[in-house]
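Student: Need coordinates for the below:
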Amino acid sequence: MNSPMIYELRKPTQIDPEKTYPALFIMHGIGSNEQNMLSLVDGLDDQFYIFSIRGHLSQPPGFAYFTIQGYGKPHREVFDDGISKLTTFIDYACVDYPLDESRMYLLGFSQGAILAMTLGLSLGNRIKGIVALSGYIPGFVKEEYNLKPVEQLSAFISHGEMDQVLPFDWGVANNDYFRKLGATVTFQTYQEGHTVSLQNQQDFMKWLQEDLKK
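Tutor: Purely as a prediction, here's the structure:
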């Protein structure tokens, strides 16, 4: 099966052909690329197959997964196509690599966080956990998508209290929404803008490693 998207792969140095491995799918922010997020998860490739996925749309100086028509409003058709491509990529990875499909995680920043949360909702309990750093859930996803049960999903959601790009209130809303649906949520806030601070990185890395043991 050919990959539907360009990606960078990190994997354990010693692979046991008799074993399957947890998977971490990473999605970058708008105008970035598949290399940008890898430093945030440095060291996790001892445990995970890590797939850092490039957005399929050109967005200088990098790439994007969807376009925006207004504040907090993605272009619906472009967004749906991005979600479809990412879902197909996850299917591809499950076929081509020795993944433990009961331990699959999604991680994203900004646009990537929007996608991680949307995929978590559309794939439901197929995903073990999501890490959503400074994003939001589009209204049409909540209102019109076929949302799957998420009672077994764990979520690490974080937002900067001084975020000048996506308001802090949107992070609070993400937390409330996933809790209302029955997901297990860790919500962390930081005295930061629209960025991933060192403390934020350390917190989600610790969360990932602890959740993996559950």
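Student: Okay, buried residues for stretch 75-92 please.
Tutor: Within stretch 75-92, the residues that count as buried by 16 or more other C-beta atoms under 10 Å are V78, F79, D80, G82, I83, L86, F89, I90, Y92. Where you see a C-beta, it was placed from the backbone N, CA and C, and this is true even at glycine.
Student: now do stretch 12-25
Tutor: Y21, P22, A23, L24, F25.
Student: what do you get for stretch 98-111?
Tutor: Applying a neighbour-count criterion of 16+ other C-beta under 10 Å, the buried positions in stretch 98-111 are L99, R103, M104, Y105, L106, L107, G108, F109, S110, Q111.
Student: Which of the residues you listed fall within strands?
Tutor: Judged by DSSP state E, strands contain the following of those: L99, R103, M104, Y105, L106, L107, G108, F109.
Student: Could you double-check that the last one sits in contact with I30?
Tutor: Translated: F109. No. With contacts counted by C-beta atoms under 8 Å, F109 stays clear of I30, the gap being 9.9 Å.
Student: that older thread, which of the buried residues of stretch 12-25 lies closest to S122?
Tutor: F25 (13.6 Å; C-beta to C-beta).
Student: How is the closest one classified with respect to secondary structure?
Tutor: Assigned with DSSP: H, G, I helix; E, B strand; the rest coil, F25 falls in the strand class.
Student: what about the residue nearest to G135 when sequence neighbours are not counted, distance to L106?
Tutor: Nearest residue to G135 in three dimensions, chain neighbours excluded: A113, at 2.7 Å (C-beta to C-beta, 6 or more residues apart in numbering). Applying C-beta to C-beta, to the nearest Å, the value for A113 to L106 is 9 Å.
Student: what sits in contact with each of these two?
Tutor: Taking C-beta atoms under 8 Å, 6 or more residues apart in numbering as the criterion, A113 and L106 both touch M27.
Student: Partner strands of the strand or helix carrying A132, with direction?
Tutor: Per DSSP states H and E: A132 is located in strand 129-133. Note on strand 129-133: by DSSP bridges, its sheet partners are strand 99-109 (parallel), strand 154-160 (parallel).
Student: Quick one: those as JSON lines, columns for mean pLDDT too.
Tutor: Output for the strands paired with strand 129-133, formatted as JSON lines (pLDDT from 0 to 100):
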{"stretch": "strand 99-109", "mean pLDDT": "98"}
{"stretch": "strand 154-160", "mean pLDDT": "98"}
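Student: Packing partners of the helix ranked longest in the chain?
Tutor: Looking across the chain with DSSP state H, the single longest helix is helix 76-96. Using 3 or more C-beta pairs under 8 Å, 6 or more residues apart in numbering; DSSP states H and E, the elements in contact with helix 76-96 are strand 21-27, strand 49-53, strand 99-109, helix 111-123.
Student: and those as CSV, adding distance to Q14?
Tutor: As requested, these are exported to CSV (distance: least, C-beta to C-beta, whole Å):
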stretch, distance to Q14
strand 21-27, 11
strand 49-53, 13
strand 99-109, 16
helix 111-123, 29
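Student: Thanks a lot, catch you later.
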